[in-house]
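**Q** Sequence and predicted model, in that order:
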Amino acid sequence: MRTPIETETFGDPNLPAIFLVPGWAMPKEVFHETATKLSKHFYVVLANLPGVSVDPNWHKRNRFGPNYDIDALAEQLLRAAPKPCWWIGWSLGGMIANYVAARRSSCVKGVISVASAPCFTAIDEWPIGMEPDAFTHFFDLVKQTPEKGFRRFLTLQTQGASDVKGLTKTLSSLQPKELIDPEALIRGLALLETLDVRREIELLDVPNLHMFGAQDALVDTEKVIQWLPKNYQQTVLALPNQAHQPFLEDPSQFVAMVTQYINDNTFN
């Protein structure tokens, strides 16, 4: 069964369109400030991943379980996105955006991934991801105590930021604990554990920007950039003073860089 994608829009629909996809377990509200700033020049659509929402009515209306099969999820998001448009994805959302852009490039003008490695966990051909034992330990925590696992992840992803306490408080305030969907957390983690978009990144034939925070504690930025598959339209940036969420740590800088990149790579 398919879970409908919850969306929210900012700006004038006649402007060039951007589709924003968040990371694991995080609601679209994480992008509100970014979307507001971007909407001065773009039509912005925010999407929730299946089962993630801060709207109690959405949870009540939704009769289906969250579907995180990557192909089904890609189709759900494509139906919710303007066509064609720029896709921006954060963390897991960036992996999904790269997957969609490689396979359905007619629907995607360009893709920007933020703090997003092509593989999250370590495998033989990608040894720089999270160690499988550490991921399994975290996965077990989420299965046993979803809220505690969610809070633990917030702590991990703010490490390296200049204002860890303030950022953790901001992220914690976005998702009410009573609206955390354990099934969405588990299925999203299962996708994060197995998804590998190295081949998709190599095959990208649209403009693609990969932004990383040099202080990111979840992604080894230096090694990921070194190992990142290459394609002929690729741009890679390491932001020296940012961690895992540059759009929250310095929204103005993030919006300026995204706007400049899109403007520089818009040809019609």
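**A** Arrived safely, thanks for sending.
**Q** Mind jotting down where the helices sit in the stretch 51-200 of the chain?
**A** Ranges of helices in the stretch 51-200 of the chain, per DSSP state H, counting those that start in this stretch, are 56-61, 70-80, 92-103, 132-144, 146-158, 164-174, 182-194, 198-203.
**Q** looking at those helices, which is buried most?
**A** Mean neighbours per residue, mean count of other CB atoms under 10 Å, is largest over the helices of the stretch 51-200 of the chain for helix 92-103, with a mean of 25. Glycine gets a C-beta too; all of them are placed from N, C-alpha and C.
**Q** what angle do that one and helix 70-80 make?
**A** Angle of helix 92-103 versus helix 70-80, following axes from the mean of the first three to the mean of the last three CA atoms, to 10 degrees, is 90 degrees.
**Q** Can I get helix 92-103 as CSV, trimmed to CA atoms?
**A** What follows is helix 92-103, C-alpha atoms only, in CSV (Å, rounded to 0.1, in the frame of the first residue of the first chain):
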residue,chain,number,x,y,z
LEU,A,92,18.7,10.3,3.3
GLY,A,93,16.7,12.8,1.2
GLY,A,94,19.8,13.5,-0.8
MET,A,95,20.3,9.8,-1.5
ILE,A,96,16.8,9.6,-2.7
ALA,A,97,17.1,12.7,-4.8
ASN,A,98,20.2,11.4,-6.6
TYR,A,99,18.4,8.1,-7.2
VAL,A,100,15.4,9.9,-8.8
ALA,A,101,17.6,12.3,-10.8
ALA,A,102,19.6,9.4,-12.3
ARG,A,103,16.5,7.3,-13.3
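**Q** I'd like the average pLDDT over that helix.
**A** Mean pLDDT, helix 92-103: 98.
**Q** helices or strands up against that helix?
**A** Secondary structure elements in contact with helix 92-103, counted by 3 or more CB pairs under 8 Å, 6 or more residues apart in numbering; DSSP states H and E, are strand 17-21, helix 70-80, strand 85-90, strand 108-114, helix 182-194, helix 198-203, strand 208-213.
**Q** Export the ones you listed as a markdown table, with columns for distance to Pro251.
**A** Output for the helices and strands packed on helix 92-103, formatted as a markdown table (distance: least, CB to CB, whole Å):
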| stretch | distance to Pro251 |
| --- | --- |
| strand 17-21 | 13 |
| helix 70-80 | 24 |
| strand 85-90 | 13 |
| strand 108-114 | 12 |
| helix 182-194 | 25 |
| helix 198-203 | 26 |
| strand 208-213 | 13 |
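**Q** Show me where the stretch 51-200 of the chain dips below the pLDDT cut-off.
**A** The model of the stretch 51-200 of the chain has pLDDT under 70 over residues 63-64.
**Q** Would you confirm that Glu33 contacts Pro251?
**A** Yes: counting by CB atoms under 8 Å, Glu33 touches Pro251, with 5.0 Å between them.
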